[in-house]
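Enquirer: just coords:
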């Protein structure tokens, strides 16, 4: 007699953490739940603050192994190397083969290389392991010159926070667009510009890059900007593994509103690694969080033999976003509304702390 079908969660991002916490509901629906992920999960919401030394590493770290154990989920401490959606087998980096009935991919994102050569010593904002090396590479008594490439929310956070960090003498922010923070309302952009200017950050917009190296950035007009350290924050892309396995491309694994892969009903994808085909979504954590209850309900229904297709993800048009500018201030926005200052950062700290503590209480 065979046991219950295996539900394999690949990666421990926002969505899958929610499923781990509610693993009892999945087992009640008939699933044997397994997780393939590293032991530690680092929360991206405090990634820049941890990397620049404003917060300790523990502020955003969860013990995935502990959470899985407390939830009664079998944990394979490894990473995905290959996945065959026809045979329904996942292969890990160590060579283990994991069979499944249904799998869900939540393997996050990586920093886009902007289509230019990027040196191996350049710090990237994703995966977070690379960004976390930033603090160790800046001596507190030094006088480093740092170039940040990319003026989206991550680039703004890193540039603003480094400008108030001991050991950093000069920060420049380079972006090929004509404005910084284009996802922010106009008033919020002007607020960020004032903060950066007040901290002496050199902002170069309309300047594309041709090459990013450990000692310099070469712009597309041939100009060379020398530095001690470069940080690449030029947007996010899906992990190359998706293209290598034929499951997607840089845009992600294509999914329907049900979060199922467009070609494989037994495969789901969520968060940053998913390409939501009904409408393009920005790669921000709020979608992974909000997709979690949808995926949980769909898998419960599927396990019980009910119509899982009735559960679809409907993105909200507006959402709260807070950019941590360091120095005790932030800028919050929702739609066209925004406010900046100490209260914005305090709100972000509270939201982040409550989210992390909710999983620590469950064993993480």
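Expert: Yes, it's here. This structure is a prediction, so every number in the text was calculated from the model and none was measured.

Enquirer: And the helix or strand where residue 332 lies, what does it pack against?
Expert: Under DSSP states H and E, the secondary-structure element containing residue 332 is strand 330-334. Here strand 330-334 touches helix 186-198, strand 321-324, strand 337-341, helix 342-360, going by 3 or more CB pairs under 8 Å, 6 or more residues apart in numbering; DSSP states H and E. (Each C-beta comes from the backbone N, C-alpha and C, glycine too.)

Enquirer: who wins for proximity to residue 92 among those?
Expert: Closest of the helices and strands packed on strand 330-334 to residue 92 is helix 342-360, at 23.9 Å (criterion: CB to CB).

Enquirer: Next, the buried residues of that closest one.
Expert: Neighbour-count burial for helix 342-360 flags 344, 345, 348, 349, 352, 355, 356, 359 (criterion: 16 or more other CB atoms under 10 Å).

Enquirer: Show me what the longest strand along the chain is packed against.
Expert: Of all the segments of type strand in the chain, defined by DSSP state E, the longest one is strand 168-175. On a contact count with 3+ CB pairs under 8 Å, 6+ apart, strand 168-175 meets strand 144-149, helix 153-162, strand 202-205.

Enquirer: Name the SS class of residue 121, please.
Expert: In terms of secondary structure, residue 121 is coil; the call rests on DSSP: H, G, I helix; E, B strand; the rest coil.

Enquirer: Count the residues that sit near it.
Expert: For residue 121, the count of nearby residues is 12 (other CB atoms under 10 Å).

Enquirer: That one touches residue 212, doesn't it?
Expert: No - under the criterion of CB atoms under 8 Å, residue 121 lies out of contact with residue 212, with a separation of 10.0 Å.

Enquirer: Mutual contacts of the two, please.
Expert: With CB atoms under 8 Å, 6 or more residues apart in numbering applied, the overlap between the contact sets of residue 121 and residue 212 consists of residue 230.

Enquirer: what about the helices in the stretch 1-150 of the chain?
Expert: Secondary structure of the stretch 1-150 of the chain, counting by DSSP state H, counting those that start in this stretch: helices at 14-21, 23-28, 47-51, 64-71, 128-131.

Enquirer: among those helices, which is nearest residue 257?
Expert: helix 14-21 (15.1 Å).

Enquirer: counting contacts, what elements does the closest one pack onto?
Expert: The criterion is 3+ CB pairs under 8 Å, 6+ apart, and the helices and strands that helix 14-21 contacts are strand 6-10, strand 32-37, helix 64-71, strand 102-105, helix 285-303.

Enquirer: From the contact counts, what lies against the second one?
Expert: So that's strand 32-37. Here strand 32-37 is seen to pack against strand 6-10, helix 14-21, helix 23-28, helix 64-71, strand 74-77 when contacts are counted using 3+ CB pairs under 8 Å, 6+ apart.
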